[in-house]
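[1] Okay, sequence plus prediction incoming.
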There are 2 protein chains.
Amino acid sequence: MKITDKDITMIATDKIEKKNKLIADWDALLRTFVRPENEKAKATLIKYMEQILFELQDFLKAHVGITEEISLPELCLHFTDTKISKDPEKKLTTAINDIVKNLAPYAVNIASPYFIGHMTSAIPFFMVHLKTIVTALNQNVNKLETSKVASIVEKQVLAKIHRLIYNNSDSFYNTHVQNPYTTLGAFVEGGTSANFTALWVARNLCFAAKDGFKGVEAEGLAAAYAAYNINRSVILVSRRGHFSLKKAAGFLGIGNQNIIAVDVDNKQQINFTKLQEQIKKYTKDNHTKILAVVGIAGTTETGTVDPLKKIAGICKENNIYFHVDAAWGGPTLMSEKYKYLLDGIELADSVTIDGHKQFYMPIGCGMVYFKDPDSMEAVAYHSNYVNRPGSVDLGIKSIAGSREANSLVLDSSLKIMGTKGYALLIDHGIETAALFANEIKNRPCFELITPPKLNILTYRICPDHYKNQLRQADPTEKWQITKRLNAINRTVQRIQREAGFSFVSRTRLIPDIESKIELVVLRSVIMNPMTDLDILKEILDEQEKIYHDRFSEIDNNIF
Amino acid sequence: MKITDKDITMIATDKIEKKNKLIADWDALLRTFVRPENEKAKATLIKYMEQILFELQDFLKAHVGITEEISLPELCLHFTDTKISKDPEKKLTTAINDIVKNLAPYAVNIASPYFIGHMTSAIPFFMVHLKTIVTALNQNVNKLETSKVASIVEKQVLAKIHRLIYNNSDSFYNTHVQNPYTTLGAFVEGGTSANFTALWVARNLCFAAKDGFKGVEAEGLAAAYAAYNINRSVILVSRRGHFSLKKAAGFLGIGNQNIIAVDVDNKQQINFTKLQEQIKKYTKDNHTKILAVVGIAGTTETGTVDPLKKIAGICKENNIYFHVDAAWGGPTLMSEKYKYLLDGIELADSVTIDGHKQFYMPIGCGMVYFKDPDSMEAVAYHSNYVNRPGSVDLGIKSIAGSREANSLVLDSSLKIMGTKGYALLIDHGIETAALFANEIKNRPCFELITPPKLNILTYRICPDHYKNQLRQADPTEKWQITKRLNAINRTVQRIQREAGFSFVSRTRLIPDIESKIELVVLRSVIMNPMTDLDILKEILDEQEKIYHDRFSEIDNNIF
């Protein structure tokens, strides 16, 4: 194992700390609650905090890399200390210095415009300021007694985003914005918790109390099935559905195999005819209940938006709960130009939107919204010491108990950005993705697999001679060539990631439904406003270079 | 409605912003990602950030009150704007100024040493620094590709706390600390999610796959009951169990009425004889399965610790999953002096501990630990684009998908504090609560209801003449007097809270099991190191004064 400069710093710091042994005593303790131990320490801390708060992008560029200088197993060797020391090991300044000097270099600079592999990207520097204040206030919105105004702000923000989705009347929002008895939505940890919450509500509405049955929440699923004389319930979603839906079905006792994956068409949207068939099949079956249909507004892998209006229609016809997972695509509603892409979302019974995705908030903030302000009564809990009925205690209707006041971040951010500010980001992502798709199509070395509707696309390295081969190949040959291309794409993606300059993710897709051949594809998510076509070209150049260095000679021998 | 100075500031600021209309354009947008618009703005921000980061307690004292100057309905009137503005409404400096000047005064200063009503208290100032860095790095520990070192640090911290609980051998921890195939625990949003996760694991282990059955996670609860030939499963916990357990049972499809509340003894611990009876009853019933027994290490209402060792014994005998909810009490393990109070916790199959409670981290951080490093396989999920099996992707085994790197905060905090530093806090809480209990006992106006074992106690206003009456009363009279005392305690608690100087919470308890009479009691949680006996005396003085001003004259007429 190679010892780097950074490792030496790590070891050296440890030694110094050991010499000047730190002692935990009452005075020191009270100081840690109050302020830094001395002016020198304060000066060091200020230096870092100024960098973090006012030069965020430069700070990240300087200290964090998308790098793999040290391999994972090597890095792990540095983190095998499993004992908490009795005495303090480090002063705050040393601890922060350690994070910056010894941890950050091995973190991932997701804020780099060259990091286009995931739905996590640069955040505006002001988000760090806002989160810092939220942390300092440390309100707990579980109960009004530990939050007060924060709970009220949360209700207001929920109303704003509800309006963005459902656009109800002024009188509707005046009635509900601060109504302690109704709930327009909830802040949660992320999209997964949001989907959990929506399906929890759907399940409880589906198996509500009736004569001789107290409801599924009280009696459980087995009793619910007995009361409703069924033996199975299912949730329908396209094959592109996020895996949190399976997790939710598992968690909720429905069983994750009862998430029915409906085939997609060649545009990666749910195949509506297949959906109709499935709905017909299950509604005919007296012993199966369709709990919900989930439409997706921005699939994780391809950014596809399902035909929401049509799905809403068929759900209404058949009296089925309709949830939309807009964790990714939701904020598109702020773009005057592209909001039409989400037409029909206003017909959903519930909608998932992530704060830490296209609202550009820090990880982790998700939200879930309900068309009917009474829906969440289906999951309300009350306790003696908190959460008395009719109070504004937000813990009554949410998975979480204690919960931070993330709404203050979103509330301020909406005011600082305006919908127009967010629209600039959304439009930039969609339009840059379109340019990127064109660039890919024009390069002989690549093949565009799923063109972007929003700001996500997939493609692969597939040089022209491969394309020619594929055109002439019979099914067996096609499968052979694909295997080879899959290996190439896997390798190029890995080498590029390890080089630490850019990051594009990879996944597996069956773009041609008839062929059933699974391709390894490269996936890019364009959300960083600093990612422009020039940067994207550089990323493609690098991939081409890796391909040529590593594979083209072998390929030339094959062809 | 009375207009305060603060309201005027609010209105004035709005007017100024409207005059100099803010415009969302691409240049402004890029700047919001990069740095403040000008030096003057930066100077203002620095002023606030210095106050927040280096004078946290003073900042909170100056700007935040435990106050009710404006009543909730009045306050709500200020937060009824349900439209997101198109153009930016505020600059960052104005937005932050707004939070400090117009929101913070109506937030709750939970950091005040006079705020002893809930499990949310002052945090060391360095927590804000650490959280700020975590926010700036914005790592997403769902997947290694967006976190890397943060995922590795998380595994190391999990091993440290696991060791604190289970104290296994060096070789055990060396094997598992960085093992991608095993999991010692998980960071979650809070104690509720931790309890959810533990019971999720318990449920899936209980209804594991077997011949012809793929397991409850895949097939659901109704199929599981059919496969195991039962029609009900139950979870046993004392009446003092946290309501998140009911929520979990509801969520998991078990049904919240299947949380069986076992009676407590007069010490508020689970009545062990009753527990034995219940276990016997349900094990005899062939159609009911006991999913888990939950022991509590620090009940929310009274801080009671159940006899964990005895519960572990009976669970082992009967092969029942044993979970300990140590959300509150867990960190007591760091105190050499008091860790014996949690004897037997090391026998639990899983343990819930909150980071944002007695680890003094910002809201929301919970954790769950498993004795068996393979337990969490029962809830593992994998997806194509992330979370490949055998990877260090932490999203595989947790409720949440995207999740912030809270482990970096705890990791640094453990180093800054050492177990001794934390022990000082824990010991202070326990010992100050004991002194407080004595003080209450010595005051004729009060009655100690549940003496503290840890740092939580309950008491009530019950002047001597009431005590005398109660001693001589028959059951009907007792009930009448209690009703009167309940009203008094409710009122005094409310008036004190509204006065905005101190905060003690209230709850309802049946301390004398035989009598079945429910008392309204005052509850205090001593965790702030700045809360000392003098402050507690002041709080009692204030309560006495409120009582005398409001009730003693009427009382004198009664007696």
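    Done, it's in.
[2] need the longest helix for chain A.
    Longest helix in chain A by number of residues (criterion: DSSP state H): helix A:407-442.
[3] buried sites along that one?
    By neighbour count on 16 or more other CB atoms under 10 Å in any protein chain shown, the buried set for helix A:407-442 is A:407-434, A:436-437, A:439-440. C-beta here means a position set from N, CA and C on the backbone, and glycine is covered the same way.
[4] among those residues, which are in reach of chain B?
    Among the buried residues of helix A:407-442, the residues within reach of chain B (CB under 8 Å from any CB of the partner chain) are A:408, A:412, A:414-421, A:423-425.
[5] sec struct for the closest residue to chain B within chain A, please.
    Closest contact between chain A and chain B, by CB to the nearest CB, is at residue A:253 (2.0 Å). Classification of residue A:253 by DSSP: H, G, I helix; E, B strand; the rest coil places it in coil.
[6] my guess is it contacts residue A:220, does it?
    Yes - between residue A:253 and residue A:220 there is a contact at 7.3 Å, judged by CB atoms under 8 Å.
[7] any residues in contact with both of those two?
    Residues touching both residue A:253 and residue A:220 by CB atoms under 8 Å, 6 or more residues apart in numbering or on different chains: B:221, B:253-254.
[8] Most neighbours among those, which one is it?
    The most crowded member of the shared contacts of residue A:253 and residue A:220, judged by other CB atoms under 10 Å in any protein chain shown, is residue B:253 (29 neighbours).
[9] Leaving out chain neighbours, which residue sits closest to that residue?
    Here the nearest residue to residue B:253 in space, its sequence neighbours aside, is residue A:253; by CB to CB, 6 or more residues apart in numbering or on different chains that works out to 2.0 Å.
[10] and that neighbour, what does it touch?
    Counting by CB under 8 Å, 6+ apart, residue A:253 has contacts A:220-221, B:216, B:220-222, B:252-254.
[11] So is the strand of greatest length in chain A next to chain B?
    If you go by DSSP state E, chain A has its longest strand at strand A:288-296. No - under the criterion of CB under 8 Å from any CB, strand A:288-296 makes no contact with chain B; the nearest approach is 10.9 Å.
[12] Alpha carbons of that strand, as PDB, please.
    Provided in PDB are the C-alpha atoms of strand A:288-296 (Å, rounded to 0.1, in the frame of the first residue of the first chain):
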ATOM      1  CA  THR A 288     -57.200  -9.400  -5.800                       C
ATOM      2  CA  LYS A 289     -57.500  -5.700  -5.100                       C
ATOM      3  CA  ILE A 290     -55.600  -3.100  -7.000                       C
ATOM      4  CA  LEU A 291     -54.200  -0.800  -4.200                       C
ATOM      5  CA  ALA A 292     -52.800   1.800  -6.500                       C
ATOM      6  CA  VAL A 293     -51.400   2.700  -9.900                       C
ATOM      7  CA  VAL A 294     -48.200   4.600  -9.800                       C
ATOM      8  CA  GLY A 295     -47.200   7.000 -12.700                       C
ATOM      9  CA  ILE A 296     -43.700   8.300 -13.000                       C
END
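[13] Could you list every helix and strand in contact with that strand?
    helix A:191-206, strand A:232-238, helix A:272-284, helix A:308-318, strand A:322-325 (3 or more CB pairs under 8 Å, 6 or more residues apart in numbering or on different chains; DSSP states H and E).
[14] now those in CSV, with mean pLDDT?
    What follows is the helices and strands packed on strand A:288-296, written out as CSV (pLDDT from 0 to 100):
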stretch, mean pLDDT
helix A:191-206, 97
strand A:232-238, 98
helix A:272-284, 97
helix A:308-318, 98
strand A:322-325, 98
